[in-house]
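>>> Sequence first, predicted coordinates after that:
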Amino acid sequence: MLSNLSRHAVLCNEFVNDGTFLEALTVVLDHTLRDLVFYSVGIIINITLHEESRQKILEQDIIVPKLVDVLRDSNIEDIDLSKVAAKALHNMTSVKTGSKESVSNYWNNDTIKKLEEVLESLGDELDSIMDVASPSELEEIQSLRRLINALNNDIPEPIICCPVEGCGRKFKNQEELNNHMIRRHAKKK
């Protein structure tokens, strides 16, 4: 019943505004009962179809790391669970805000790194079994591979924050931060 309710934007906003609901989802995502995890990820997919709800889930920074764990743990042993976890994560790679904030501002750098490692490992495993898969298995493998490729393409870039208190600038790599430090903060030493 909750999965059907999670298709309505107003109810989704109520769900994500309730911290207890999000905490409960994180507990369920750790559960060993596969069907419970599977349907909970489906609820997350439904919730993340709504922009406002998606942004609120990202702001909490508790669901995405759990979904990465689900994707890692399901692996190729449970392609259906891997696909729904990848879809839920992919839904969270875009946030449209009225400000300059990007989705990268909502993703923890450690979570991004962990997801990149999971995607690389899972992609390698899928690639290694494609040659020996039956036609029906190949279709499933290729379906998951497409999701992984899309997620790889859309995963946020890690962000490095300027360490100078009050600056607030963020950079895509260490070189950009180093150049900023020389230009903006070298005279303050």
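Yep, that arrived.

>>> And the strands in the chain?
160-161, 170-171 (DSSP state E).

>>> Which among those strands is found nearest to K56?
Of all the strands of the chain, it is strand 170-171 that lies closest to K56, at 21.3 Å by CB to CB. Yep, even glycine has a C-beta here, placed from its N, CA and C like the rest.

>>> CA atoms only: put stretch 175-185 into CSV for me.
Taking Å, rounded to 0.1, in the frame of the first residue of the first chain, the C-alpha atoms of stretch 175-185 are listed here in CSV:
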residue,chain,number,x,y,z
GLU,A,175,44.5,22.0,-8.9
GLU,A,176,41.5,24.4,-9.0
LEU,A,177,41.7,24.7,-5.2
ASN,A,178,45.4,25.3,-5.3
ASN,A,179,45.0,28.1,-7.9
HIS,A,180,42.2,29.6,-5.9
MET,A,181,44.3,29.6,-2.7
ILE,A,182,47.1,31.4,-4.6
ARG,A,183,44.8,34.0,-6.1
ARG,A,184,42.5,34.7,-3.2
HIS,A,185,44.2,33.7,0.0
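
>>> List the buried residues for that stretch?
L177, H180, M181 (16 or more other CB atoms under 10 Å).

>>> Pick the one among those closest to D127.
L177 (34.6 Å).

>>> To H50, which of the strands of the chain lies closest?
Taking CB to CB, strand 170-171 is the member of the strands of the chain nearest to H50, at 26.6 Å.

>>> Need the residue closest to the centroid of the chain.
L89 (3.5 Å; CA atoms, centre = their mean).

>>> Tell me the spacing between it and Y106.
Using CB to CB, to the nearest Å, L89 is found at 13 Å from Y106.

>>> before we move on, what about I112?
Distance of I112 to Y106, computed by CB to CB: 11 Å.

>>> Give me the more crowded residue out of those two.
Y106 (21 against 18; other CB atoms under 10 Å).

>>> Would you check that my belief about that one contacting D61 is correct?
Yes - between Y106 and D61 there is a contact under CB atoms under 8 Å: 7.3 Å.
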